[in-house]
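Engineer: Could you look at this predicted model? Sequence included:
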Amino acid sequence: MAVALIVAAGRGERLGSAGPKALVSVAGRPMLQWSVDALLEVSEVQAIVIALPADRLDAAPPQTIAVAGGETRSESVRAALDAAREVEDEVVIVHDAARALVRPELFSASLAELAGSGADVVIAAAPVSDTIKQVGDDGRTVESTLDRSRLWAVQTPQVFRREALVRALSSSAELLAAATDDAWLVERQGGRVVVLAAPHENFKITTPLDLRLAEMLLLERSSM
Ligand code: CTP
Ligand code: MG
(Lines give C-alpha, C1' and ligand atoms only; values in the text may rest on other atoms or scores of the structure.)
(Ligands and ions follow the chains in the order given, each with its own letter.)
Protein backbone atom coordinates (compact mmCIF):
# COMPACT_ATOMS: atom_id res chain seq x y z
CA MET A 1 0.00 0.00 0.00
CA ALA A 2 1.11 3.58 -0.60
CA VAL A 3 0.37 7.16 0.33
CA ALA A 4 0.29 9.76 -2.46
CA LEU A 5 1.45 13.36 -2.06
CA ILE A 6 0.38 15.87 -4.71
CA VAL A 7 2.20 19.18 -4.77
CA ALA A 8 -0.16 21.93 -5.87
CA ALA A 9 1.05 24.99 -3.95
CA GLY A 10 2.93 26.74 -6.76
CA ARG A 11 1.95 30.14 -8.10
CA GLY A 12 2.11 29.35 -11.80
CA GLU A 13 4.11 32.42 -12.74
CA ARG A 14 5.08 31.09 -16.18
CA LEU A 15 1.46 30.27 -16.96
CA GLY A 16 0.45 33.79 -15.91
CA SER A 17 -2.95 32.75 -14.57
CA ALA A 18 -4.89 34.91 -12.13
CA GLY A 19 -5.00 32.29 -9.35
CA PRO A 20 -2.87 29.25 -8.42
CA LYS A 21 -1.99 27.12 -11.47
CA ALA A 22 -3.23 23.83 -9.97
CA LEU A 23 -6.74 25.27 -9.73
CA VAL A 24 -6.94 26.58 -13.30
CA SER A 25 -9.67 24.81 -15.24
CA VAL A 26 -8.52 22.27 -17.86
CA ALA A 27 -11.10 20.51 -20.01
CA GLY A 28 -13.83 21.23 -17.47
CA ARG A 29 -12.06 20.27 -14.23
CA PRO A 30 -9.54 22.06 -11.99
CA MET A 31 -6.06 20.93 -13.10
CA LEU A 32 -5.48 19.21 -9.74
CA GLN A 33 -8.66 17.14 -10.05
CA TRP A 34 -7.28 15.19 -13.03
CA SER A 35 -4.41 13.75 -10.99
CA VAL A 36 -6.68 13.03 -8.01
CA ASP A 37 -9.09 11.16 -10.28
CA ALA A 38 -6.22 9.09 -11.70
CA LEU A 39 -4.91 8.25 -8.21
CA LEU A 40 -8.38 7.23 -7.00
CA GLU A 41 -8.23 4.44 -9.58
CA VAL A 42 -5.00 3.01 -8.17
CA SER A 43 -5.90 0.27 -5.69
CA GLU A 44 -2.59 0.46 -3.76
CA VAL A 45 -3.16 4.12 -2.84
CA GLN A 46 -4.81 4.42 0.53
CA ALA A 47 -4.48 8.16 1.19
CA ILE A 48 -3.95 11.29 -0.88
CA VAL A 49 -2.40 14.39 0.71
CA ILE A 50 -2.36 17.66 -1.24
CA ALA A 51 -0.07 20.64 -0.59
CA LEU A 52 -2.05 23.74 -1.56
CA PRO A 53 -1.56 27.50 -1.21
CA ALA A 54 -2.30 28.32 2.47
CA ASP A 55 -5.38 30.41 1.57
CA ARG A 56 -6.88 27.72 -0.71
CA LEU A 57 -7.06 24.63 1.51
CA ASP A 58 -10.79 24.63 0.70
CA ALA A 59 -9.90 23.55 -2.86
CA ALA A 60 -8.90 19.98 -1.88
CA PRO A 61 -11.27 17.46 -3.50
CA PRO A 62 -13.30 15.12 -1.26
CA GLN A 63 -11.40 12.02 -0.03
CA THR A 64 -8.13 13.97 0.19
CA ILE A 65 -6.18 15.62 3.03
CA ALA A 66 -5.18 19.28 2.53
CA VAL A 67 -2.07 20.92 3.93
CA ALA A 68 -0.44 24.32 3.35
CA GLY A 69 2.55 24.09 0.99
CA GLY A 70 5.89 25.87 1.38
CA GLU A 71 7.94 28.49 -0.43
CA THR A 72 9.68 25.91 -2.64
CA ARG A 73 8.50 22.67 -4.21
CA SER A 74 10.57 20.51 -1.84
CA GLU A 75 9.16 22.36 1.17
CA SER A 76 5.68 21.58 -0.14
CA VAL A 77 6.63 17.90 -0.43
CA ARG A 78 7.94 18.01 3.14
CA ALA A 79 4.74 19.62 4.43
CA ALA A 80 2.64 16.94 2.73
CA LEU A 81 4.86 14.16 4.06
CA ASP A 82 4.50 15.59 7.60
CA ALA A 83 0.72 15.57 7.17
CA ALA A 84 0.95 11.90 6.14
CA ARG A 85 2.69 10.91 9.42
CA GLU A 86 -0.28 8.90 10.61
CA VAL A 87 -0.55 6.91 7.39
CA GLU A 88 1.86 4.06 7.93
CA ASP A 89 2.74 3.02 4.39
CA GLU A 90 6.33 2.27 3.52
CA VAL A 91 5.96 3.69 0.02
CA VAL A 92 5.33 7.34 -0.87
CA ILE A 93 4.27 8.61 -4.29
CA VAL A 94 5.15 12.24 -5.10
CA HIS A 95 3.30 13.83 -8.01
CA ASP A 96 3.00 17.34 -9.51
CA ALA A 97 -0.53 18.68 -9.88
CA ALA A 98 0.82 20.29 -13.05
CA ARG A 99 1.02 16.83 -14.70
CA ALA A 100 -2.71 16.55 -15.25
CA LEU A 101 -2.33 14.01 -18.07
CA VAL A 102 -0.95 11.28 -15.84
CA ARG A 103 -2.60 7.86 -16.26
CA PRO A 104 -3.43 5.48 -13.38
CA GLU A 105 -1.27 2.83 -15.11
CA LEU A 106 1.85 4.98 -14.68
CA PHE A 107 1.36 5.04 -10.90
CA SER A 108 0.80 1.26 -10.80
CA ALA A 109 3.81 0.54 -13.02
CA SER A 110 6.03 2.80 -10.86
CA LEU A 111 4.92 1.00 -7.69
CA ALA A 112 5.59 -2.40 -9.28
CA GLU A 113 9.04 -1.25 -10.43
CA LEU A 114 9.95 -0.06 -6.92
CA ALA A 115 8.94 -3.42 -5.47
CA GLY A 116 10.70 -5.40 -8.21
CA SER A 117 13.93 -3.40 -8.56
CA GLY A 118 14.90 -2.91 -4.93
CA ALA A 119 15.72 0.73 -5.79
CA ASP A 120 15.20 3.57 -3.29
CA VAL A 121 13.31 5.66 -5.85
CA VAL A 122 11.62 5.04 -9.20
CA ILE A 123 11.12 8.10 -11.38
CA ALA A 124 8.93 8.36 -14.44
CA ALA A 125 10.96 9.82 -17.30
CA ALA A 126 10.78 10.17 -21.06
CA PRO A 127 13.64 9.52 -23.47
CA VAL A 128 15.02 12.83 -24.78
CA SER A 129 14.25 13.34 -28.45
CA ASP A 130 16.34 16.46 -29.09
CA THR A 131 20.13 16.40 -29.33
CA ILE A 132 21.47 18.16 -26.23
CA LYS A 133 24.64 20.26 -26.34
CA GLN A 134 26.51 21.80 -23.46
CA VAL A 135 27.96 25.29 -23.84
CA GLY A 136 30.88 26.93 -22.05
CA ASP A 137 31.15 29.94 -19.75
CA ASP A 138 30.38 32.40 -22.56
CA GLY A 139 26.88 30.91 -22.71
CA ARG A 140 27.05 30.03 -26.43
CA THR A 141 30.18 28.16 -27.51
CA VAL A 142 29.48 24.43 -27.66
CA GLU A 143 31.79 22.35 -25.47
CA SER A 144 30.24 18.94 -25.89
CA THR A 145 27.36 16.95 -27.31
CA LEU A 146 25.81 14.59 -24.78
CA ASP A 147 25.05 10.95 -25.62
CA ARG A 148 21.31 11.16 -26.21
CA SER A 149 20.71 7.46 -25.69
CA ARG A 150 21.53 7.97 -22.02
CA LEU A 151 19.47 11.10 -21.41
CA TRP A 152 16.03 11.12 -19.80
CA ALA A 153 13.67 14.03 -19.16
CA VAL A 154 12.41 13.55 -15.64
CA GLN A 155 8.72 13.67 -14.77
CA THR A 156 6.52 12.68 -11.86
CA PRO A 157 5.29 10.35 -10.38
CA GLN A 158 8.40 9.67 -8.34
CA VAL A 159 7.91 6.73 -6.00
CA PHE A 160 10.07 6.52 -2.86
CA ARG A 161 10.82 4.11 -0.09
CA ARG A 162 9.61 6.24 2.76
CA GLU A 163 12.87 6.29 4.74
CA ALA A 164 14.76 7.49 1.63
CA LEU A 165 12.35 10.41 1.19
CA VAL A 166 12.42 11.33 4.88
CA ARG A 167 16.23 11.36 4.79
CA ALA A 168 16.29 13.37 1.55
CA LEU A 169 13.96 16.00 2.95
CA SER A 170 16.10 16.45 6.03
CA SER A 171 18.70 18.13 3.75
CA SER A 172 19.58 21.79 4.42
CA ALA A 173 17.14 24.54 3.43
CA GLU A 174 19.65 25.61 0.78
CA LEU A 175 19.67 22.18 -0.88
CA LEU A 176 15.90 21.89 -0.65
CA ALA A 177 15.58 25.23 -2.44
CA ALA A 178 17.98 24.09 -5.18
CA ALA A 179 16.21 20.76 -5.80
CA THR A 180 13.88 20.72 -8.80
CA ASP A 181 13.11 17.10 -8.00
CA ASP A 182 13.36 15.16 -4.77
CA ALA A 183 15.06 12.17 -6.37
CA TRP A 184 18.13 14.39 -6.83
CA LEU A 185 18.36 14.71 -3.04
CA VAL A 186 18.34 10.90 -2.74
CA GLU A 187 21.01 10.65 -5.48
CA ARG A 188 23.25 13.04 -3.54
CA GLN A 189 22.96 10.79 -0.50
CA GLY A 190 24.07 7.76 -2.50
CA GLY A 191 20.63 6.21 -2.91
CA ARG A 192 19.72 4.16 -5.99
CA VAL A 193 17.34 5.97 -8.33
CA VAL A 194 16.01 4.19 -11.43
CA VAL A 195 14.00 5.54 -14.35
CA LEU A 196 10.80 4.06 -15.68
CA ALA A 197 9.98 4.92 -19.30
CA ALA A 198 6.91 7.15 -19.42
CA PRO A 199 5.10 8.78 -22.33
CA HIS A 200 5.81 12.36 -23.46
CA GLU A 201 2.06 12.81 -23.03
CA ASN A 202 2.72 13.06 -19.28
CA PHE A 203 4.21 16.55 -19.74
CA LYS A 204 4.10 19.33 -17.15
CA ILE A 205 1.72 22.18 -17.81
CA THR A 206 4.05 25.16 -17.47
CA THR A 207 3.24 27.70 -20.20
CA PRO A 208 0.03 28.87 -21.92
CA LEU A 209 0.97 26.65 -24.89
CA ASP A 210 1.14 23.59 -22.59
CA LEU A 211 -2.29 24.48 -21.22
CA ARG A 212 -3.79 24.60 -24.72
CA LEU A 213 -2.27 21.26 -25.59
CA ALA A 214 -3.45 19.65 -22.33
CA GLU A 215 -6.96 21.01 -22.87
CA MET A 216 -7.05 19.47 -26.34
CA LEU A 217 -5.73 16.07 -25.24
CA LEU A 218 -7.97 15.80 -22.17
CA LEU A 219 -11.09 16.82 -24.11
CA GLU A 220 -10.20 14.14 -26.66
CA ARG A 221 -9.80 11.62 -23.83
CA SER A 222 -13.19 12.54 -22.29
CA SER A 223 -14.95 12.03 -25.62
CA MET A 224 -13.51 8.53 -26.13
N1 CTP B 1 4.81 23.49 -6.23
C2 CTP B 1 4.44 23.48 -4.88
N3 CTP B 1 4.99 24.40 -4.02
C4 CTP B 1 5.86 25.33 -4.46
C5 CTP B 1 6.24 25.34 -5.82
C6 CTP B 1 5.70 24.41 -6.69
O7 CTP B 1 3.64 22.65 -4.47
N8 CTP B 1 6.34 26.22 -3.59
C9 CTP B 1 4.20 22.51 -7.15
C10 CTP B 1 3.37 23.17 -8.24
O11 CTP B 1 2.06 23.46 -7.77
C12 CTP B 1 3.41 22.16 -9.36
C13 CTP B 1 4.73 21.42 -9.14
O14 CTP B 1 5.20 21.80 -7.84
O15 CTP B 1 2.34 21.24 -9.31
C16 CTP B 1 5.75 21.72 -10.23
O17 CTP B 1 6.10 23.09 -10.17
P18 CTP B 1 5.96 24.13 -11.37
O19 CTP B 1 5.50 23.48 -12.60
O20 CTP B 1 7.20 24.96 -11.37
O21 CTP B 1 4.69 25.00 -10.88
P22 CTP B 1 4.67 26.49 -10.34
O23 CTP B 1 5.78 26.70 -9.36
O24 CTP B 1 3.28 26.75 -9.89
O25 CTP B 1 4.92 27.33 -11.68
P26 CTP B 1 5.99 28.52 -11.91
O27 CTP B 1 7.34 27.94 -11.57
O28 CTP B 1 5.81 28.89 -13.34
O29 CTP B 1 5.60 29.62 -10.96
MG1 MG C 1 7.87 26.51 -10.01
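Structural biologist: Yep, that arrived. Ligands and ions are numbered 1, 2, ... in the order given.

Engineer: and G139, what element?
Structural biologist: For G139, there is no host helix or strand (DSSP states H and E).

Engineer: how near is it to T145?
Structural biologist: 17 Å (CB to CB, to the nearest Å). Any C-beta I mention is one placed from the backbone N, CA and C, and that applies to glycine too.

Engineer: Wait, L217 touches N202, no?
Structural biologist: No. The criterion here is CB atoms under 8 Å, and L217 misses it with N202 at 10.6 Å.

Engineer: Overlap of the contact sets of these two?
Structural biologist: L101 (CB atoms under 8 Å, 6 or more residues apart in numbering).

Engineer: With neighbour numbers in mind, choose between these two.
Structural biologist: A side-by-side neighbour count of L217 and N202, using other CB atoms under 10 Å, places N202 first with 19 against 16.

Engineer: and the more buried one, which of the three is it?
Structural biologist: coil (DSSP: H, G, I helix; E, B strand; the rest coil).

Engineer: In contact with it, which residues are there?
Structural biologist: Neighbour list for N202: 99, 101-103, 106, 124, 126, 155 [criterion: CB under 8 Å, 6+ apart].

Engineer: Okay, buried residues for the helix or strand hosting Q33 please.
Structural biologist: According to DSSP H and E, Q33 maps onto helix 31-40. Neighbour-count burial for helix 31-40, counted by 16 or more other CB atoms under 10 Å, picks out 31-36, 38-39.

Engineer: buried set for the following helix or strand past it?
Structural biologist: Proceeding N to C from helix 31-40, the next assigned helix or strand is strand 45-52, under DSSP H and E. The neighbour-count check on strand 45-52 (16+ other CB under 10 Å) flags 45, 47-52 as buried.

Engineer: what is the rounded mean pLDDT of the top strand by length along the chain?
Structural biologist: Looking across the chain with DSSP state E, the single longest strand is strand 152-161. Per-residue pLDDT over strand 152-161 has a mean of 97.

Engineer: related to what we said a few turns ago, does the helix holding Q33 come close to ligand 1?
Structural biologist: No. Residues of helix 31-40 contacting ligand 1 under CB under 6 Å from any ligand atom: none, with a closest distance of 8.1 Å.
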